[in-house]
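Participant: Sequence first, predicted coordinates after that:
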Amino acid sequence: MLQRRVLIFASLVIQYYSEDMCVQRVSIFLIAVALIAGMLGCEPTPSPTPEYDLTIASTAGGNVTTPGEGTFTYDEGTMVNLTAEAEGGYHFLSWTGDVGTIINVESATTTISMNGNHSITANFEAEFMIAAGAFHTVGLESDGTMVAVGDFSRDQCDVDNWTDIVQVSAGLLHTVGTKDDGSVVAVGANFYGQCNVGGWTLN
């Protein structure tokens with residue numbers, strides 16, 4: 001707007017002095033003034049805010065619910081909330097990867113500052129568990145398999161072939177386990193039908 005006004009003013013002055021010998025010098029002077037005014041009136045275009053990608057994944061045993069899993073794009077400086085949730089039989093272990101700007105890598109709920117492209121993973125670990133009956137003891141390994149010692153008289157320790165177990169319990173003479181798909185297995189004394197759980201699926 002300022003440049004346009006100066007150019008109009010310059011044009012009027014040139015017309016006024018059109019019969020003067022110095023018209024050429026006046027014209028050059030006024031054009032220079034207009035150009036300077038135009039430069040002063042121009043505002044620099046702001047640089048766009050840089051954007052960075054955040055790629056999120058998880059190991060077996062849980063998932064990232066906030067913001068989710070996959071690749072997300074954020075403006076530079078954005079603080080992104082992170083929430084990881086473990087499945088049954090697992091617990092959250094830590095965040096790994098480009099974790100330099102994560103507030104607490106050992107917390108399932110934390111934040112990360114976006115100052116570059118980051119790729120992170122939520123890590124989960126199977127729960128360890130031990131259960132004891134009257135004369136036997138069973139243990140749940142981190143890989144979902146079982147170990148057992150003690151009285152074998154009613155096959156209550158016959159758990160060597162169990163896999164994908166996430167929870168275990170031991171009764172007087174029997175052992176019960178829950179698998180990661182919700183199904184239930186049991187071995188041992190079945191005097192009262194306490195091991196009749198083959199058709200169970202727990203949600």
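Facilitator: That came through, no problem. Just so we're clear, the structure is a prediction, and the values are computed from it rather than from any experiment.
Participant: Pick out the residue nearest the middle of this protein.
Facilitator: Centroid check for the chain by CA atoms, centre = their mean gives residue 56 as the closest residue, at 4.6 Å.
Participant: That one: what secondary structure?
Facilitator: Secondary structure, DSSP: H, G, I helix; E, B strand; the rest coil: residue 56 is strand.
Participant: ok now do it, which residues does it touch?
Facilitator: For residue 56, the contact set (CB atoms under 8 Å, 6 or more residues apart in numbering) comprises 64, 67-72, 82, 119-122. Bear in mind the C-beta positions are built from the backbone N, C-alpha and C, glycine included.
Participant: Same check on residue 104?
Facilitator: Contacts of residue 104 (CB under 8 Å, 6+ apart): residue 110.
Participant: do the same with residue 52
Facilitator: 73-74, 76, 114-118.
Participant: Residue 110 now?
Facilitator: 82, 95, 102-104.
Participant: which of the contacts of residue 52 count as buried?
Facilitator: For the contacts of residue 52, a burial check counting by 16 or more other CB atoms under 10 Å picks out 74, 114, 118.
Participant: Distance from the chain centre to whichever strand or helix holds the first one, please.
Facilitator: Pointing back at residue 74 there. Taking DSSP states H and E as the definition, residue 74 sits inside strand 70-75. In terms of CA atoms, centre = their mean, to the nearest Å, the centre of strand 70-75 is found 10 Å from the chain centre.
Participant: again, but for stretch 61-74
Facilitator: Stretch 61-74 sits 4 Å away from the centroid of its parent chain (CA atoms, centre = their mean).
Participant: ditto for stretch 169-177
Facilitator: 39 Å.
Participant: ok, the residue lying closest to residue 197 once chain neighbours are set aside - contacts?
Facilitator: Of all residues not flanking residue 197 in the chain, residue 184 sits nearest, at 4.2 Å (CB to CB, 6 or more residues apart in numbering). Residues near residue 184 by CB under 8 Å, 6+ apart: 176-178, 197-198, 200-202.
Participant: still on that earlier bit, show residues contacting the helix or strand following the strand holding residue 74.
Facilitator: Sequence-wise, the next helix or strand downstream of strand 70-75 (DSSP H and E) is strand 79-86. Under the contact criterion CB under 8 Å, 6+ apart, strand 79-86 has outside partners 54, 56, 58, 61-67, 72, 74, 92, 95, 102, 108-114, 120, 122, 124.
Participant: Among those, which are located in helices?
Facilitator: Using DSSP state H, no member of the contacts of strand 79-86 sits in helices.
Participant: Mark which of the residues you listed are buried, thanks.
Facilitator: 54, 56, 58, 61-64, 74, 92, 95, 102, 108, 110, 112-114, 120, 122, 124.
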